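> Below: sequence and its predicted model.
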Amino acid sequence: MEASGKDEISVEDEAVDKSIFKDCSKIAFYRRQKQQLSKNFTYRALLDSIATGKESTSFQIINEATKLPLLAEIYGIERNILRLKINEEIPLKPRYEVSDVLISKLSTVRLIPCSGDTGNLILSSEKGDLKCHITANPFKIDLESEKEVVMSINSLGQLYFEHLQIPPKQRATKENEKSTSVDTSQEDQEDLGLWEEKFGDFVDVKANGPSSIGLDFSLHGFEHVYGIPQHAESHQLKNTRNGDAYRLYNLDVYGYQIHDKMGIYGSVPYLLAHKLGRTIGIFWLNASETLVEINTEPAVEYTLTQMGPVAAKQKVRYRTDVRWISESGIIDVFVLTGPTPSDVFKQYSCLTGSQAMPPLFSLGYHQCRWNYEDEQDIRAVDTGFDEHDIPYDVIWLDIEHTEGKRYFTWDKERFPTPKRMQELLRSKKRKLVVINDPHIKVDPDYSVYTKAKEQGFFVRTHEGADFEGICWPGLSSYLDFTNPKVREWYSGLFAFPAYQGSTDILFIWNDMNEPSVFRGPEQTMQKNAIHHDNWEHRELHNIYGFYQQMATAEGLIQRSKGKERPFVLSRSFFAGSQKYGAVWTGDNTAEWNYLKISIPMLLTLSITGISFCGADVGGFIGNPEAELLVRWYQAGAYQPFFRGHATMNTKRREPWLFGKEHTQRIREAIRERYTLLPYLYSLFYQAHVASEPVMRPLWVEFPNELETFGIEDEYMLGSALLIHPVTEPEATMIDVFLPGSNEIWYDSKTSACWEGGCTMKMPVTLDTIPVFQRGGSVVPIKMAVGRSTGWMTDTPYGLRVALSTKGSAVGELYLDDGHSFQYLHQRQFLHRKLSFCSSVLTNRCADERGHFSSKCVVEQILVLGLRKEPSSVTTHSSDGKAAPVAFVYCAGTSSLSLEKLSLNIGADWEVHIQ
């Protein structure tokens, strides 16, 4: 049953004309809302209907034109979060509400009704630091935090809610038609896509009719907004023109266009706004197709003076209006009131979870292409890294490793002995990642297909048959991961007895899980396909890939009996995907502009909870010139997920194939990555426990510096390192902005220091990776690089101590076994605080709960910014013993180097500089 003849599937099936994707003008629910809102329908809150429950306060809202009621519920949630839910009071049938994204039952706080003026209601938290001012007519909510009105909801009157209707054929009388909220003349029905929507050759039949929702939010004083990935766009969100909204709709867009607001592989409906003194967030919990309009403009405020209104002072204060529009579901929105970026990150993780703690190997370098041909090819590539002294941790296999694109199988000719191949990798302390897509080949001789079919585990058509579409194997059915029983069954397929040829060094890559359906509408599944509990695909499209990654991660945990951390990379994602693994930016192109756009794309993912993210180094599509490839490795080495990848029919591009000089440059970039792993691993621990992004836009670290708010060509790796990748060809000079007028920065290679708060011109060659260490930080490193992370367990540490203008510095180191859950269940970890103050460097325990034995010692300490040469340096152990240390001081760079030390990383000690 192989696809053949005219049904032969190739890369051309994915590399489709971009005209097959919709722009906003082709989206019916968007056109409907535009048209209906022009009629100025208003809503009124019926405050006499208010009911105060244990967890929420509820009241009715009525549409003044249709008189149809809605039910609004307002919840206060711990950490200064407000939740607003709006649903039909009595829908014809339940409307879809997203489940499995919120991590647990939320801890609510009581909002106390306070008497307001007539036609107003105030809800206040017990502390009074969060207040909701509800205006009845027209309905509006003003949100006050710490005595500042930070946001207004429905102040523009764009609340929109299409009530479920009886289908026209079932309506017995014209009375029913009068009760609908939308004009249903035949002409309008066709144009507005009420019950049917045509696009190209496809007709979307809507059993539930029109069901879209929308709401506006006005953000007072905010000019800079970010978030709502995934788009190949700037980090700071742009104003949207009519018909140019940001689209959140997961799609397989091969070689996506850059600077475009169309949806690509993943969707996180979460937006952040930042201004001097305040950061806030809006999390719109809806998994259907969603559009976001943004309009930022200055609003002039007048202040009366003693001389009267004529002499009123004018003050320009920005306001950003954000309008969310979704095809279906309910309005379920969380407002995160900050006030700091760190507070907002924690608030969001309280809702959706924090970044999973990755196994250490996954922070090393990954080598991938579509496809490594066979076991001999794998062996040759693996050997090539060793011969060229380039470290790497993981080699990847794409779809050709399977038997005819049947997942959980191996091609018997190309990969006849998969376990032996994995044992070779294991002997090098390396891992294997293989691909596993959600489409299952229609083949009665394929056990995964037959077992899933027997149990009714596939998505169905609206007529009730198994949905079948075209993907890599040819005709395929799609597992319904929204069904908990399907997820449980699928997780079981990763057990070693079930997945023949797999071992515990094999990990998983979920691709094509938007889901991608070749020759389908917009290369995806029809919206009227049916999922578990009879929900239409339109209701939950954006969460489909999230569920596959969830099931895959759970399968890898189960196969180890709950002991080992999984690694799962997913192309499609949703809010909360950070709990299950990593994501990447998809099918990019080997061009300079794609290298450049990868930085804001990764920054946007990072601030919306997904710290473990990366872009295909070198560009997936096409053949990068050597200079571009080198620059991409230099950038990727300082980004969270670091993988080289290329599509089929491209030239081989292993790091040693571009000449000796370029090989050396790539080697240096990858080795620098491995040197920095202690710092990077510690950052991931902070992302895991404290929700701090690993890769950060400058405004997160410098929230009170206006100059940083729009910068996207450089970024912070943690709080200590500033990275400015070179993204222009033949560059000899770049402009680097060093933030912080009270900061000092040190070139990581030359130790030259620079004052902050200015832009410096930096000469660069192809060898240059512009990296600066922030004064006041301590960065732990490894002193030697092994062939993979597994060879570096006992390698000595070094400490790079960069002093602030006050002569102090602080940093931390997190250490555990790098692969198990014992850090969590048995508290087997070390968390050390490293601080330099009053000429003393101290290593102390940062978390007394942790216990972990390590042979590692600190072998070298480099102190930058020491203004005068010391007369002596001594180490002091916890038992009081002191020992002199030989040192080298360089007056030219004001640096002190201590070498040949042997200070145990897990013990308390001090280094005194006199």
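Right, received. Where do you want to start?
> distance between the ends of stretch 363-379?
22 Å (Cα to Cα, to the nearest Å).
> For it, what is the distance to the chain centroid?
Remark: stretch 363-379 is offset 26 Å from the chain centroid, using Cα atoms, centre = their mean, to the nearest Å.
> quick one: buried residues of it?
363-372, 374-375, 378 (16 or more other Cβ atoms under 10 Å). Every residue, glycine included, has its C-beta placed from N, CA and C.
> can you list those in CSV and add pLDDT and secondary structure?
Shown next, in CSV, are the buried residues of stretch 363-379 (pLDDT from 0 to 100; DSSP: H, G, I helix; E, B strand; the rest coil):
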residue, pLDDT, secondary structure
Leu363, 99, helix
Gly364, 99, coil
Tyr365, 99, coil
His366, 99, strand
Gln367, 98, strand
Cys368, 98, coil
Arg369, 98, coil
Trp370, 97, coil
Asn371, 95, coil
Tyr372, 97, coil
Asp374, 98, coil
Glu375, 98, helix
Ile378, 98, helix
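> Kindly reformat those residues as TSV containing distance to Asn239.
Formatted as TSV, those follow (distance: Cβ to Cβ, whole Å):
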residue	distance to Asn239
Leu363	38
Gly364	41
Tyr365	39
His366	38
Gln367	41
Cys368	38
Arg369	40
Trp370	38
Asn371	43
Tyr372	45
Asp374	52
Glu375	54
Ile378	49
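> if I read this right, Ala646 contacts Val617, doesn't it?
No. Counting by Cβ atoms under 8 Å, Ala646 does not reach Val617; the two are 9.4 Å apart.
> Compare neighbour counts for those two and give me the winner.
Val617 (34 against 23; other Cβ atoms under 10 Å).
> on that earlier part again, among the buried residues of stretch 363-379, which pair sits farthest apart?
Longest distance between any two of the buried residues of stretch 363-379 is 28.5 Å, between Leu363 and Asp374; criterion Cβ to Cβ.
> ranges for the strands of the stretch 301-450 of the chain?
Assigned by DSSP state E, counting those that start in this stretch, the strands in the stretch 301-450 of the chain fall at 308-326, 331-336, 366-367, 394-397, 431-435, 439-441.
> Looking at those strands, which is nearest to Gln828?
Of all the strands of the stretch 301-450 of the chain, strand 431-435 comes closest under Cβ to Cβ, at 21.7 Å.
> and the closest one, what does it pack onto?
strand 394-397, helix 418-427, strand 506-510 (3 or more Cβ pairs under 8 Å, 6 or more residues apart in numbering; DSSP states H and E).
> mind checking how far Phe222 is from Thr279?
Noted for Phe222: a distance of 9 Å to Thr279, by Cβ to Cβ, to the nearest Å.
> Look at these two and report which has more neighbours.
Taking neighbours as other Cβ under 10 Å, Phe222 and Thr279 compare with Thr279 leading, 26 against 23.
> and the more buried one, what does it touch?
By Cβ atoms under 8 Å, 6 or more residues apart in numbering, Thr279 lies in contact with Leu272, Ala273, Gly338, Pro339, Thr340, Pro341, Asp343, Val344, Pro703.
> So which of these is the closest to Glu413?
Leu272 (51.1 Å).
> Quick one: mean pLDDT for the helix or strand hosting Met550?
Per DSSP states H and E, Met550 falls inside helix 544-559. On average, the pLDDT along helix 544-559 is 98.
> Quick check: can you name the pairing partners of the helix or strand following it and their directions?
The helix or strand immediately downstream of helix 544-559 is strand 568-570, counting by DSSP H and E. Strand 568-570 sits in its sheet next to strand 506-510 (parallel), strand 582-584 (parallel), going by DSSP bridges.
> How many neighbouring residues does the spatially closest residue to Pro703 that is not a sequence neighbour have?
Closest residue to Pro703 apart from its sequence neighbours, by Cβ to Cβ, 6 or more residues apart in numbering: Pro341 at 5.7 Å. Applying other Cβ under 10 Å, we find 22 other residues in the vicinity of Pro341.
> Show the contacting residues for Pro341.
Taking Cβ under 8 Å, 6+ apart, one finds Leu272, His274, Thr279, Ile607, Trp699, Val700, Pro703 in contact with Pro341.
> do the same with Phe415
For Phe415, the contacting residues are Asp374, Glu375, Leu397, His401, Met421, Gly501, by Cβ under 8 Å, 6+ apart.
> Check Thr552 too.
With Cβ under 8 Å, 6+ apart, Thr552 has these contacts: Asn436, Tyr490, Ser491, Phe494, Ile508, Asn510, Pro566, Val568, Ser570, Tyr580.
> Tell me if I'm right that the second one and Asp480 touch.
No. Here Tyr490 lies out of contact with Asp480, judged by Cβ under 8 Å, at a distance of 10.0 Å.
> Surely Tyr674 forms part of a helix?
Yes. Assessed by DSSP: H, G, I helix; E, B strand; the rest coil, Tyr674 belongs to a helix.
> Geometric centre of this protein: which residue is closest?
The centroid of the chain falls nearest to Ile610 when counting by Cα atoms, centre = their mean (2.9 Å).
> Skipping its backbone neighbours, what lies nearest that residue in space?
Nearest to Ile610 is Gln578, by Cβ to Cβ, 6+ apart, at 4.7 Å.
> what's around the one you found, how many residues?
27.
> Next one: it from Ile543, what distance?
14 Å.
> correct me, but Thr589 touches Gly619?
Yes. The pair Thr589 and Gly619 passes the contact test of Cβ under 8 Å, sitting 5.0 Å apart.
> And what about Asn593, helix, strand or coil?
Per three-state DSSP, Asn593 ends up helix.
> Wait, Gly636 touches Val617, no?
Yes. The pair Gly636 and Val617 qualifies as a contact (Cβ under 8 Å) at a distance of 4.2 Å.
> and the next element down the chain from the helix or strand containing Ile599?
Taking DSSP H and E as the criterion, the element that holds Ile599 is helix 592-607. Next helix or strand after helix 592-607 toward the C-terminus (DSSP H and E): strand 613-614.
> what residues does that next one touch?
Here strand 613-614 has contacts from 582-585, 602, 605-606, 636, 639-643, 695, using Cβ under 8 Å, 6+ apart.
> out of these, who's nearest Trp195?
Taking Cβ to Cβ as the measure, Trp195 lies nearest Val583 of these, at 36.0 Å.
> ok, that closest one - how many residues close by?
Val583 has 29 nearby residues by other Cβ under 10 Å.
> can you check Gly807 too?
Gly807 has 15 nearby residues by other Cβ under 10 Å.
> Could you do the one 5 residues further on as well?
By the other Cβ under 10 Å criterion, the neighbourhood of Glu812 contains 19 residues.
> Just the pLDDT for the closest residue to Asn250 other than its chain neighbours.
Nearest non-adjacent residue to Asn250, counting by Cβ to Cβ, 6+ apart: Glu514, 4.1 Å away. Per-residue confidence (pLDDT) for Glu514: 98.
> burial count for Glu514?
29.
> list the contacts for it?
Taking Cβ under 8 Å, 6+ apart, one finds Asn250, Leu251, Asp252, Tyr265, Gln523, Thr524, Tyr544, Gly545, Arg571, Ser572 in contact with Glu514.
> right, and the fifth one touches Pro515 too?
What that stands for is Gln523. No. Using Cβ under 8 Å, Gln523 is not in contact with Pro515, being 9.5 Å away.
> the more surrounded of these two?
Neighbour count, other Cβ under 10 Å: between Gln523 and Pro515, Pro515 has more, with 29 against 23.
> For that one, give me the backbone phi and psi.
phi -90, psi 150 (degrees, to the nearest 10).
> residue contacts, the closest residue to Ser777 other than its chain neighbours?
Closest residue in space to Ser777, ignoring its immediate chain neighbours: Ala720 at 3.6 Å, by Cβ to Cβ, 6+ apart. Going by Cβ under 8 Å, 6+ apart, Ala720 touches Tyr679, Gln773, Arg774, Ser777, Val778, Val779, Ala802, Gly811.
> let's see it at 10 Å
679, 683, 701, 772-779, 800, 802, 809-811 (Cβ atoms under 10 Å, 6 or more residues apart in numbering).
> Please apply the same query to Phe518.
Counting by Cβ under 10 Å, 6+ apart, Phe518 has contacts 9, 12-14, 16, 252, 439, 469-472, 474, 476, 512, 524.
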